[in-house]
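>>> Fold the following.
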Amino acid sequence: MSKKRNLVGLYMVPALLLCIPLVGNLISSEVNWSGYDFLIAGVILWSTAGLIHLILSRVAKFPLRIMFCCVMLLAIALIWIELAVGIFGTPLAGS
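Predicted structure coming up:
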């Protein structure tokens, strides 16, 4: 039961993270997320949770798990930052 509970917790984190901009959208005019923004954020966050689950279930050695998770989280963070502010100036950010 513990593994199932951890799995549910892993997939609940993206939902909780998406509640932050949702509440900001509802109570402030400074946060202006569209449905498309929530869709993209949800896809990125749940894909990240799925990749973490895959890494944790397939990689046996703890140091490798940490390394793969850190590399994946760094890549996801760079994609998120590029979508948000366009630090690299790619067409992905709309520049």
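
>>> switch to C-alpha atoms for all contacts and neighbour counts from now on
Fine.

>>> roughly how far apart are residue 84 and residue 18?
Computed as CA to CA, to the nearest Å, the residue 84 to residue 18 distance reads 15 Å.

>>> again with residue 38
Taken as CA to CA, the span from residue 38 to residue 18 is 7 Å.

>>> Residue 8 now?
16 Å.

>>> can you list the weak-confidence ranges in the chain?
Applying pLDDT under 70 to the chain picks out residues 1-2, 94-95.

>>> thinking again about what came up before, of residue 8 and residue 18, give the one with the bigger neighbour count.
When neighbours are counted by other CA atoms under 10 Å, residue 8 and residue 18 differ, and residue 18 comes out ahead with 15 against 11.

>>> Quick check: longest helix in this structure by residues?
helix 2-27 (DSSP state H).

>>> Between helix 2-27 and whichever helix or strand comes after it, find me the angle.
Per DSSP states H and E, the first helix or strand lying C-terminal to helix 2-27 is helix 35-58. Angle between the axes of helix 35-58 and helix 2-27 is 160 degrees (criterion: axes from the mean of the first three to the mean of the last three CA atoms, to 10 degrees).

>>> quick one: the residue nearest in space to the middle of the chain from residue 57, how far?
Closest residue to the average C-alpha location of the chain: residue 45 at 2.7 Å, with CA atoms, centre = their mean. Distance, residue 45 to residue 57, by CA to CA: 18 Å.

>>> List the buried residues for the helix or strand hosting residue 76?
Here residue 76 sits within helix 62-85, counting by DSSP H and E. For helix 62-85, a neighbour-count test (16 or more other CA atoms under 10 Å) marks 65, 68, 69, 72, 76, 79, 80, 82, 83 as buried.

>>> now for it, which elements pack on it?
Under the contact criterion of 3 or more CA pairs under 8 Å, 6 or more residues apart in numbering; DSSP states H and E, helix 62-85 touches helix 35-58.
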